[in-house]
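Asker: Need a 3D model of the following:
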Amino acid sequence: MPKRILIGTVTSDKTDKTVTVKVERKVKHALYGKIIRRSKNYHAHDESNEYTVGDTVRIEETKPISKTKTWKVLDRLVASKGAAVEADLEVAEATPGGE
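Answerer: Have a look, this model is predicted:
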């Protein structure tokens, strides 16, 4: 039986050797016919801790690695834009006289 391969986005990399991947799919509503999005989170094995939040990755089904992990990350398709950076901007106060 072939192993399933899914594409999703990494939503968390806080745990050691594990990433949480959110996989979205579009389905047609049974009664109304509208296309709706359904998503599911998978825990995937990341041996070298190389994937970060925002990366688009491919995951492959494997034998159980732990209680919740039955997937492993194959490769990165799209890298994230990077972490958010706080900016320290000082704004000069405007005086009524324009000076």
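Asker: okay, and for the chain, where does confidence drop off?
Answerer: Using pLDDT under 70 as the threshold, the predicted model of the chain has low-confidence ranges 82-89, 91-94, 97-99.
Asker: Can you report how many residues neighbour T52?
Answerer: 15 (other C-beta atoms under 10 Å). C-betas here are computed from N, CA, C, even on glycine.
Asker: Same check on V19?
Answerer: Residues within reach of V19, counting by other C-beta under 10 Å, total 27.
Asker: which ones are touching G54?
Answerer: Contact analysis of G54 by C-beta atoms under 8 Å, 6 or more residues apart in numbering lists T9, V10, A79, S80, K81, G82.
Asker: likewise K40?
Answerer: Residues counted as contacts of K40 (C-beta under 8 Å, 6+ apart) are K22, V23.
Asker: For the helix or strand hosting it, buried residues please.
Answerer: Of the helices and strands defined by DSSP states H and E, K40 is found in strand 35-45. Buried residues in strand 35-45, counted by 16 or more other C-beta atoms under 10 Å: Y42, H43, A44, H45.
Asker: and if you look at stretch 21-32?
Answerer: Residues of stretch 21-32 classed as buried under the neighbour-count rule (16+ other C-beta under 10 Å) are V21.
Asker: what's next to that stretch, contact-wise?
Answerer: Where contact means C-beta under 8 Å, 6+ apart, the residues beyond stretch 21-32 that reach it are 6-11, 34-44, 57, 59, 71, 73.
Asker: 7 Å - rerun?
Answerer: Under the contact criterion C-beta atoms under 7 Å, 6 or more residues apart in numbering, stretch 21-32 has outside partners 6, 8-11, 35-42, 44, 57, 59.
Asker: For the chain, which segments count as strands?
Answerer: Ranges of strands within the chain are 5-12, 18-28, 35-45, 56-61, 69-78, based on DSSP state E.
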